[in-house]
Every structure is written in structure tokens, then in C-alpha cells.
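1. Fold the following, please.
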Amino acid sequence: MEDGRIPDASITASSVWSNHADYGPTRARLNLRATNGAAVWCNAGASEANPWIQVDLGSNATITGVITQGRADYHDWVTEFKVAYSDDGQEWTTVTDDGSCRPTPMKFPGNSDQNTHVTTTFPRSFQARFLRILPTKYHRFCCMRFEVLGCTLNE
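-> Predicted structure coming up:
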């Protein structure tokens, strides 16, 4: 995402703070430094119970993890999140611990400051076209930047 290979239209979210484009999902690219407006995606606020941000990779890819970052210009960041993936953007599978007879959705540790990269590697890689990050806890406001780790498939 950071290098621009993922088009803006492929990054979507459940909501945006004050419906303001300066906080839109296209601002969620890792290391983004905006010259005007915020350099981060922020959801609509505490009234939204289940926020998410997702990326359409355009075709199936092998996904191994994510790198997350907080909001560069304020003390806002996601401290915990879950991850789901999909081939069609309709039916979602949550990343689970896979170590029990009843796999439970994993909650991954997020950030503890504005700019430090936190790299999360999933228990096992998976193939999907869509990746969705579901913040479950945050510091002040639900805001984040991220990158997807993995590789494209030669189909």
C-alpha cells in the first residue's frame, strides 16, 4: 500500500471521522505524511461498535501479516485488533489461533505510540483478495495506518 500500487479506490472503511476525506481510508497508508489534512484513517468515533478498514488487493495474494502505525500528528492509535480475509468481499474468515479444537479469533497487539511500526505475523499464511482489520481497542480515537505483508500470486 505504501508504494501506491494499491489504488485509493481499493481501500475502504466502515466509517470516517465526521465524514471528512482528510480522515478517509486512503490516508491509512504506512508512513503517510500529509501536507494538508490528517495522515491517517480515523473511524466515526466511539458510537461505532465494530469499526473496520479493508484493502482489495485486486487478485488473490499470499498474506503473511501486517505492519501498523498510529496517527502521526496526534496521540491516537489502535492498541488491539482482529483480522479477517475474503476472496469476494462478502464472506469473511477471521484469523484464529488454530491451536485448539474450537479455534478462537485472535486479537493482535497494536501500537503504543504514534509512529513506531508494529509488525504482526499471522500464525500461518493464507490466500485472499481482501484483508480487513477490525480494531477492538484504541488509545483516545480509533486511528491507524498499515501495510499488508505477503506476496502476489502468479495466476
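2. What strand or helix carries the closest residue to residue 10 other than its chain neighbours?
-> Closest residue to residue 10 apart from its sequence neighbours, by Cβ to Cβ, 6 or more residues apart in numbering: residue 56 at 4.2 Å. Every C-beta, even on glycine, is put in place using the N, C-alpha and C of the backbone. According to DSSP states H and E, residue 56 maps onto strand 53-69.
3. From the contact counts, what lies against that strand?
-> Strand 53-69 sits against strand 11-13, strand 77-86, strand 118-139, strand 143-152, with contacts defined as 3 or more Cβ pairs under 8 Å, 6 or more residues apart in numbering; DSSP states H and E.
4. what angle separates that strand from strand 77-86?
-> In terms of direction (axes from the mean of the first three to the mean of the last three Cα atoms, to 10 degrees), strand 53-69 departs from strand 77-86 by 140 degrees.
5. Tell me the pLDDT of the residue nearest to residue 10.
-> If you check residue 56, the pLDDT there is 98.
6. ok, now how distant is residue 25 from residue 42?
-> To residue 42, residue 25 is 10 Å away according to Cβ to Cβ, to the nearest Å.
7. any shared contact partners between these two?
-> Here residue 25 and residue 42 have residue 16 as joint contacts, going by Cβ atoms under 8 Å, 6 or more residues apart in numbering.
8. show me the contacts for residue 73.
-> For residue 73, the contacting residues are 38-40, 114, by Cβ under 8 Å, 6+ apart.
9. Now render those residues as JSON lines, adding pLDDT, secondary structure and distance to residue 143.
-> Shown next, in JSON lines, are these (pLDDT from 0 to 100; DSSP: H, G, I helix; E, B strand; the rest coil; distance: Cβ to Cβ, whole Å):
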{"residue": "38", "pLDDT": "82", "secondary structure": "coil", "distance to residue 143": "8"}
{"residue": "39", "pLDDT": "87", "secondary structure": "coil", "distance to residue 143": "10"}
{"residue": "40", "pLDDT": "94", "secondary structure": "coil", "distance to residue 143": "5"}
{"residue": "114", "pLDDT": "94", "secondary structure": "coil", "distance to residue 143": "9"}
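10. out of those residues, who's nearest residue 12?
-> Proximity of those to residue 12 (Cβ to Cβ) peaks at residue 40, which lies at 15.5 Å.
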